[in-house]
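Participant: sequence and predicted model, in that order:
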Amino acid sequence: MKIKTKILVPIILASTLVSYSKSPIANTFDPVAAWEELESVLKQQYAYIDKPDFNVQHMFDEFKHRIKSAKNKKEFADISQMFLRHFHDPHLNLGPYDEKDFSVFPTGSDIRATYQNNRFIVDDIKADSAADLAGIRPGAEVVSIDNLPVKKAVENIFGQAFKQLTVTQINYGVNVSLGGYRNKERIIELKHHGKLQPYHLAASYKSINMTAKGPTITYKKLNDLGYIRFNNSLGNSNTVSAFKEAVTKLSETSALIIDLRNTPSGGNTGVAEPILGHFVNDKAVYQLYQVQEGDVFYKDAKLEKAYVMPTTPHYAKPYVVLAGRWTGSMGEGMIIGFDAIGAETVVGAPMADLLGGIKTVKLNKSDTWIELGFERLYHVNKTYREDFEPHILLSPADRDANGNDPALAVAQQMLNEKLR
């Protein structure tokens, strides 16, 4: 069975075909019936409904009360999006989107910040992003986002008072807010070494859109080591042949570094499995999964195995894999897959935690759609995929305070020492 951890096409179709009605029928919109449909789908099909660190039923009840004020389907969608963000799952989304919606996280993200001692501190910066090119570095304090104090910006994400949010929700909210609104420039005010400075940043999608116009993979030699980096391309079938070319050209290297730090948009197994296949000689298990469908709750579902088959050419030498804050969905699946089939180690920061394999469900009573994880994914050692962390854990992993690449430097040092 193929596991799709990021299904892009249904979203495109849904956002193209679905629009909010302006006909007189809109006056008969029943927000409570629409909410009950949303709640039913989540409880029956969302494999992570038991994961949150808050009282889920209480939150359902609270937002059901709020949804009564929705005058139309657009307001219903806005309130529902606030509700879903409480789950801090980047795979859990509701659309269609408009220009007043936030950029999808982590694709629309280039600054990673965390809440520490009542301050919001930059942890990492996405390489080659607008934030990176502007010179923003880890250690800076985020003071305001689009002219709002950070706590107020976080409250806007959830529609809740800051004191009602968990630390996990706060961290998720600040990073969604830092990504800004869809296709809109951002103003981020930072304090660094006691000095306040505003940064006017391009829309967070801009660098991703530029990446899509370039090669799916870049590769090079670093002395005797080979280096291959994915350019947010795990949903592009051309990536399979591009990776094969890279492995062939780097076949004489003594070891390989595989960089999955720029995969925030995920992808699919049709791309991932042939790539993993270059590193096995025989059919091998690379991840496990359970499917929640119909009346079968995921805890009662059979734990299935996902396999990878050998692909030529075979690379039999040591290899290290890089992960980070912008390793998402199928990128996370490939990380645990490489770990299962023989990588020397995984270097980097904790990943983006896009939960499960997803599907898109049409919500007929509100003319919306919901994207949710219906497959629960596991490492071959039966631990949850989202609990996996690199063996050599770094923070930051993409850019350090001097603008250097810490994860790549550690991987090179480790492999060079191994090869002596």
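Facilitator: Nice, thanks for sending it over.

Participant: quick one: the helices in the stretch 201-350 of the chain?
Facilitator: 205-212, 238-249, 269-276, 330-341 (DSSP state H, counting those that start in this stretch).

Participant: D400: which of these is closest?
Facilitator: Judged by C-beta to C-beta, the one of those that comes nearest to D400 is helix 205-212, at 19.6 Å. Yep, even glycine has a C-beta here, placed from its N, CA and C like the rest.

Participant: centroid-nearest residue for this structure?
Facilitator: G328 (3.7 Å; C-alpha atoms, centre = their mean).

Participant: and that one, how close does it get to N231?
Facilitator: Here G328 is placed at a distance of 14 Å from N231 (C-beta to C-beta, to the nearest Å).

Participant: which element follows whatever helix or strand H65 lives in toward the C-terminus?
Facilitator: Using DSSP states H and E, H65 maps to helix 56-67. Next helix or strand after helix 56-67 toward the C-terminus (DSSP H and E): helix 73-85.

Participant: and that next one, what's buried?
Facilitator: 73-74, 76-77, 79-85 (16 or more other C-beta atoms under 10 Å).

Participant: just checking, what packs against it?
Facilitator: helix 31-45, helix 56-67, strand 93-95, helix 150-158, helix 167-179, strand 368-378 (3 or more C-beta pairs under 8 Å, 6 or more residues apart in numbering; DSSP states H and E).

Participant: give me the mean pLDDT for the shortest one.
Facilitator: Looking at strand 93-95 alone, the average pLDDT works out to 97.

Participant: end to end, how far does stretch 257-275 reach?
Facilitator: 14 Å (C-alpha to C-alpha, to the nearest Å).

Participant: that stretch: which residues count as buried?
Facilitator: 257-269, 271-275.

Participant: low-confidence ranges, this protein, go.
Facilitator: Within the chain, the ranges that satisfy pLDDT under 70 run 1-27, 294.

Participant: most tightly packed of the helices of the stretch 201-350 of the chain?
Facilitator: Across the helices of the stretch 201-350 of the chain, averaging neighbours per residue (mean count of other C-beta atoms under 10 Å) puts helix 330-341 on top, at a mean of 25.

Participant: contacting residues around it?
Facilitator: 3, 5-6, 230, 234-235, 258, 260, 263-264, 266-269, 271-272, 275-276, 279-280, 284-287, 308, 319, 321, 323, 327, 346, 351-354, 377, 379-380, 385-386, 388 (C-beta atoms under 8 Å, 6 or more residues apart in numbering).

Participant: one step back: contacts for the helix holding H65?
Facilitator: 31-32, 34-36, 39, 49-50, 76, 79-80, 82-83, 86, 159.

Participant: ok now it, how far from the chain's centre?
Facilitator: 26 Å (C-alpha atoms, centre = their mean, to the nearest Å).

Participant: check stretch 350-360 too.
Facilitator: 6 Å.

Participant: buried residues in that stretch, which are they?
Facilitator: So, applying 16+ other C-beta under 10 Å, buried residues of stretch 350-360: 350-360.

Participant: again with stretch 225-235
Facilitator: Buried, per 16+ other C-beta under 10 Å, within stretch 225-235: 225-235.

Participant: and the two most separated of those residues?
Facilitator: L225 and G235 (27.7 Å).

Participant: pull the helix holding H65 out as CSV, backbone CA atoms only.
Facilitator: Provided in CSV are the C-alpha atoms of helix 56-67 (Å, rounded to 0.1, in the frame of the first residue of the first chain):
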residue,chain,number,x,y,z
VAL,A,56,-10.4,18.3,23.0
GLN,A,57,-14.1,18.0,23.7
HIS,A,58,-14.1,21.2,25.7
MET,A,59,-12.5,22.9,22.7
PHE,A,60,-15.1,21.4,20.4
ASP,A,61,-17.9,22.7,22.6
GLU,A,62,-16.3,26.2,23.0
PHE,A,63,-16.0,26.7,19.2
LYS,A,64,-19.4,25.2,18.5
HIS,A,65,-20.7,28.1,20.6
ARG,A,66,-18.6,30.6,18.7
ILE,A,67,-19.6,29.2,15.3
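
Participant: now do it against helix 31-45, angle only.
Facilitator: 160 degrees (axes from the mean of the first three to the mean of the last three C-alpha atoms, to 10 degrees).

Participant: helix 56-67 versus helix 73-85: what angle between them?
Facilitator: 160 degrees.

Participant: tell me the buried residues in helix 56-67?
Facilitator: Under 16+ other C-beta under 10 Å, the buried positions of helix 56-67 are 56, 60, 63-64, 67.

Participant: for stretch 412-419, same thing?
Facilitator: Here stretch 412-419 shows 412, 414-415 as buried, counting by 16+ other C-beta under 10 Å.

Participant: mind putting the residues you listed into a markdown table with secondary structure?
Facilitator: As requested, the buried residues of stretch 412-419 are exported to a markdown table (DSSP: H, G, I helix; E, B strand; the rest coil):
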| residue | secondary structure |
| --- | --- |
| Q412 | helix |
| M414 | helix |
| L415 | helix |
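
Participant: turn these into JSON lines, columns for distance to K249.
Facilitator: Below are the buried residues of stretch 412-419 laid out as JSON lines (distance: C-beta to C-beta, whole Å):
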{"residue": "Q412", "distance to K249": "19"}
{"residue": "M414", "distance to K249": "23"}
{"residue": "L415", "distance to K249": "18"}
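
Participant: closest to G214 among the residues you listed?
Facilitator: Q412 (23.9 Å).

Participant: separation between the closest one and Q292?
Facilitator: 42 Å.

Participant: now K152
Facilitator: 37 Å.

Participant: which of the two has more residues huddled nearby?
Facilitator: Q292 (23 against 13; other C-beta atoms under 10 Å).
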